[in-house]
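S.K.: Need coordinates for the below:
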Amino acid sequence: MEELNEVVGENLSSLRKNKKLTQQELAEQIGYSDKSISKWELGKAIPTVDILKKFADFYGVSVDSLLKEGGAQAQFHSNINRANLNNQIIIIALAATFIWFTAGCIYANGLITNTCADSVWISFVWAIPVTFGVSAALIRFFWKRCFFFFIFSSLFVWTLVLAFCIQFAYVNIPHQQLWYILLVCIPLQISLILFARLK
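M.R.: Modelled structure (predicted):
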């Protein structure tokens with residue numbers, strides 16, 4: 001039983017330190033004395049199940065993780081990693097939203113001012129490669145190399161060249177010459193595949 005006391009005490013102590021709380025501050029937040037907290041963290045006593053549940057809820061971990069050696073620390077870091085992943089996905093989504101909002105503003109401005117009113121839709125065409133490019137850059141920044149970086153980079157390359165083709169086709173460049181631009185994507189795609197395979 002003494003070993004379990006020490007394991008629980010170590011977990012409670014490390015979780016409190018992760019939250020950067022003193023024993024006194026923790027005592028005020030959960031409604032127990034700092035002497036009780038000190039006793040539990042030193043392994044001189046073990047909290048009852050209802051108190052363990054209160055600690056688990058406060059730290060956002062399971063009661064089970066408090067009873068395993070290093071379990072609470074691992075779950076605490078896992079929760080932080082999950083929260084970071086959610087934040088990173090939200091940042092990518094916000095960047096994409098901003099790009100499409102900007103394209104929409106350009107389109108609306110073109111219609112209102114009647115400036116090139118028949119060609120302002122092209123802003124939405126250019127929003128596609130910009131979205132993939134910015135997303136690829138953010139994915140690279142957040143997660144270094146991963147499968148999604150390769151996918152978004154490939155989509156960026158193909159949609160960028162396609163946007164050029166649509167833009168130039170609209171300016172009446174002969175179509176039979178125009179689609180040769182797409183051949184540029186082949187060496188770029190091969191380069192991306194090789195880059196993805198680098199260790």
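
S.K.: any idea which helix or strand comes after the one helix or strand in the chain whose mean pLDDT sits lowest?
M.R.: The helix or strand of the chain with the poorest confidence is helix 175-178; it has a mean of 59 (mean pLDDT, DSSP states H and E). Using DSSP states H and E, the helix or strand that follows helix 175-178 in sequence is helix 185-197.

S.K.: Packing partners of that following helix?
M.R.: helix 147-170 (3 or more CB pairs under 8 Å, 6 or more residues apart in numbering; DSSP states H and E). For the C-beta atoms, the positions are set from N, CA and C on the backbone; glycine is no exception.

S.K.: Kindly format the C-alpha coordinates of the helix it packs on as CSV.
M.R.: Extracted in CSV, the C-alpha atoms of helix 147-170 (Å, rounded to 0.1, in the frame of the first residue of the first chain):
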residue,chain,number,x,y,z
PHE,A,147,1.8,13.0,-45.6
PHE,A,148,-0.6,16.0,-45.6
PHE,A,149,2.3,18.4,-46.5
PHE,A,150,3.0,16.3,-49.6
ILE,A,151,-0.7,16.2,-50.6
PHE,A,152,-1.2,20.0,-50.1
SER,A,153,2.1,20.8,-51.8
SER,A,154,1.0,18.7,-54.8
LEU,A,155,-2.4,20.3,-54.9
PHE,A,156,-0.7,23.8,-54.7
VAL,A,157,1.5,23.0,-57.7
TRP,A,158,-1.3,21.6,-59.9
THR,A,159,-3.9,24.3,-59.1
LEU,A,160,-1.3,27.1,-59.5
VAL,A,161,-0.5,26.0,-63.0
LEU,A,162,-4.2,25.4,-63.7
ALA,A,163,-4.9,29.0,-62.5
PHE,A,164,-2.3,30.4,-64.8
CYS,A,165,-3.9,28.4,-67.7
ILE,A,166,-7.4,29.7,-66.9
GLN,A,167,-6.0,33.3,-66.5
PHE,A,168,-4.2,33.2,-69.9
ALA,A,169,-7.0,31.4,-71.6
TYR,A,170,-9.3,34.3,-70.6
